[in-house]
Every structure is written in structure tokens, then in C-alpha cells.
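In: Sequence and predicted structure below; questions after.
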Amino acid sequence: MTTPLSADAMKRAAAQAVLEFVSHGMRLGLGTGSTAAHFVDLLGARVREGLEVIGVPTSERTRMQAEGLGIKLSTLDETPELDLTVDGADEFDASLRLIKGGGGALLREKIVAAASKRMFVVADATKEVETLGAFPLPVEVDRFGARSTRLHIEGVARGLGLEGPIMLRMSAPETPYLTDGGHYIYDCAFGAIDAPETLAERLQAIPGVVDHGLFIGLATAIFVAGRDGVRIVGDVTGGGL
Ligand code: 5RP
């Protein structure tokens with residue numbers, strides 16, 4: 001009898017499968033979260049064996065991990081175009097649309113993904129949904145006027161028939177969570193989002209919204225690890241700046 005893979009082992013299997021697409025000289029966006037951390041860890045091992053790549057981290061957390069593993073790092077200012085970004089997701093659907101930001105790094109993750117020819121997402125099969133929205137959508141807002149911005153978010157949601165609590169993310173009972181960019185995050189538990197493109201557009205148009213966790217048209221392939229192995233959704237060759 002085979003022992004079923006743990007969620008963590010599945011995440012590592014997805015990360016391992018992506019590593020096969022990494023080659024000498026690549027400029028890589030390094031994602032944030034527990035699945036992306038497996039990729040960075042495995043990449044570190046390959047770098048120790050002699051692989052030469054340059055990484056642009058999507059968070060301070062990832063920067064510290066990659067630095068500790070001896071991966072050569074850069075910034076988007078020095079290296080504005082990347083070959084491949086590898087990142088996790090909180091949810092994805094069959095059209096490769098994602099919800100991200102559970103780990104609080106959505107803004108840098110989106111900027112880095114947009115600077116990349118390809119974005120490969122690594123995830124375990126539990127992240128796959130028919131309709132996005134079971135995972136509360138993170139919306140990153142400037143601290144200035146955050147309560148007004150929240151009212152606008154509520155208004156946009158209402159206009160699309162979306163309801164549900166909008167909660168300021170906290171890092172301690174009295175302390176709001178701050179992103180690497182010094183912004184707040186509202187976690188919006190809207191439930192099923194039937195029109196993610198429209199919601200994305202309308203949220204982005206609110207002054208005070210820095211960005212939101214809907215990643216649409218960015219992922220080129222998703223490596224989905226399940227109990228029977230890793231399945232690839234999308235196109236591993238596609239994408240281009
Ligand atoms: C961080 C993210 C992560 O990619 C997302 O939260 C998935 O994390 P994990 O791999 O730990 O489940 O968007 O902002």
C-alpha cells in the first residue's frame with residue numbers, strides 16, 4: 001500500500017516539476033508563500049550544483065530565503081525583463097485566472113509576473129475551483145483614507161451583486177498587517193465571483209486601491225500536484241513580452 005502524499009509533499013512535487021523548465025542563465029521571478037518556498041529551496045540546491053540564474057524576489061521573505069541559499073539576486077530596476085516567474089496561488093480556475101495575496105505579497109507578485117515572459121504557478125489540487133471567490137479576495141490599499149476606500153470597494157461589490165464581510169487584515173489584535181510596500185490589505189469574503197474581469201477593472205479604478213489579488217491573463221501554465229502526480233494546465237512554451 002502506498003502512503004498518500006501530504007499537502008506539503010504535493011507542493012514540493014509541483015515545485016520539483018517546474019524546476020525541469022529552468023535552465024542556465026535564466027532571469028527568474030521568485031514567488032512568495034509555502035509552495036513558492038519549495039521552489040526556491042530546490043532552486044538553491046541546483047545553484048549549489050553549479051546552475052547560474054538570477055532571481056528577482058517578490059517579497060522580503062523570499063529575498064531572505066534566496067539570499068540564504070546563495071541564489072544570485074537582482075531587482076526589476078537592474079533586470080526589468082524576466083524569462084519566467086514561479087509563484088503559488090490561493091485559488092485558480094480552468095481559465096488560469098488566479099486569486100493571490102494570501103501571503104500578503106500580491107503587489108510585488110503582480111509586478112514581477114507582468115515583467116516575465118511566462119508565469120508558472122505551483123499549487124496543490126485543493127486550490128482548483130470552478131468559480132473563484134471561496135478564498136477571500138485580498139485588496140491592497142493605501143493607508144491614507146483606507147476607510148473611504150473600503151466604502152468604495154463595498155460599492156463596487158454591491159454593483160456586481162457581491163456581498164460579504166470586508167475585513168482589514170491584522171498581524172496582531174490591535175495592529176493592522178502591513179505589506180512590504182507599507183499598505184493595508186482588506187480581505188473581501190465575497191463568495192463566488194462570476195465576473196472576475198469586471199470586478200478587477202472596477203477595483204483597480206478606485207483611488208486608494210493599490211492592487212487586488214485577481215491575476216487575470218498572467219499565468220501561462222499551472223503545475224497542479226495531486227495524489228497521482230503533477231498535471232500541467234496551460235502552455236509551458238507560451239507567453240512573451
Ligand atoms: C502570497 C501568495 C501565495 O502565492 C499564496 O498565498 C499561496 O500560498 P501557499 O503556497 O502558501 O499556499 O499569493 O501573496
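Out: Looks like it arrived, so ask away.
In: any idea which helix or strand comes after the helix or strand harbouring Arg118?
Out: Using DSSP states H and E, Arg118 falls within strand 116-124. Counting by DSSP H and E, the element after strand 116-124 in chain order, helix or strand, is strand 137-141.
In: So is that following strand next to the ligand?
Out: No - Strand 137-141 stays clear of the ligand (C-beta under 6 Å from any ligand atom), getting no nearer than 7.5 Å. C-betas here are computed from N, CA, C, even on glycine.
In: what is the orientation angle of the very next helix or strand once past that strand with strand 137-141?
Out: Following strand 137-141 in sequence order, the next helix or strand is helix 146-159 (DSSP H and E). Here the directions of helix 146-159 and strand 137-141 differ by 140 degrees (axes from the mean of the first three to the mean of the last three C-alpha atoms, to 10 degrees).
In: Give me the nearest residue to Leu137, chain neighbours excluded.
Out: Nearest non-adjacent residue to Leu137, counting by C-beta to C-beta, 6 or more residues apart in numbering: Cys188, 4.5 Å away.
In: tell me the contacts of the one you found?
Out: By C-beta atoms under 8 Å, 6 or more residues apart in numbering, the contact list for Cys188 reads 136-139, 153, 157, 164-167.
In: Give me the buried entries from these.
Out: Among those, those classed as buried by 16 or more other C-beta atoms under 10 Å are 136-139, 153, 157, 166.
In: quick check, nearest of those residues to Gly208?
Out: Distance to Gly208 across the buried ones among the contacts of Cys188 (C-beta to C-beta) is lowest for Ile153, with 8.9 Å.
In: Flag the shaky bits of this protein, pLDDT-wise.
Out: Within the chain, the segments meeting pLDDT under 70 span 1-3, 238-241.
In: Pop the domain breakdown of it in here.
Out: Split into domains by automatic domain parsing, the chain comes to 7-127+217-229, 137-209.
In: if I look at the residue nearest to Leu137, how far off is the ligand?
Out: The spacing between Cys188 and the ligand, counted by C-beta to the nearest ligand atom, to the nearest Å, is 15 Å.
In: Can you verify Ile111 is assigned to a helix?
Out: Yes - the assignment for Ile111 is a helix, going by DSSP: H, G, I helix; E, B strand; the rest coil.
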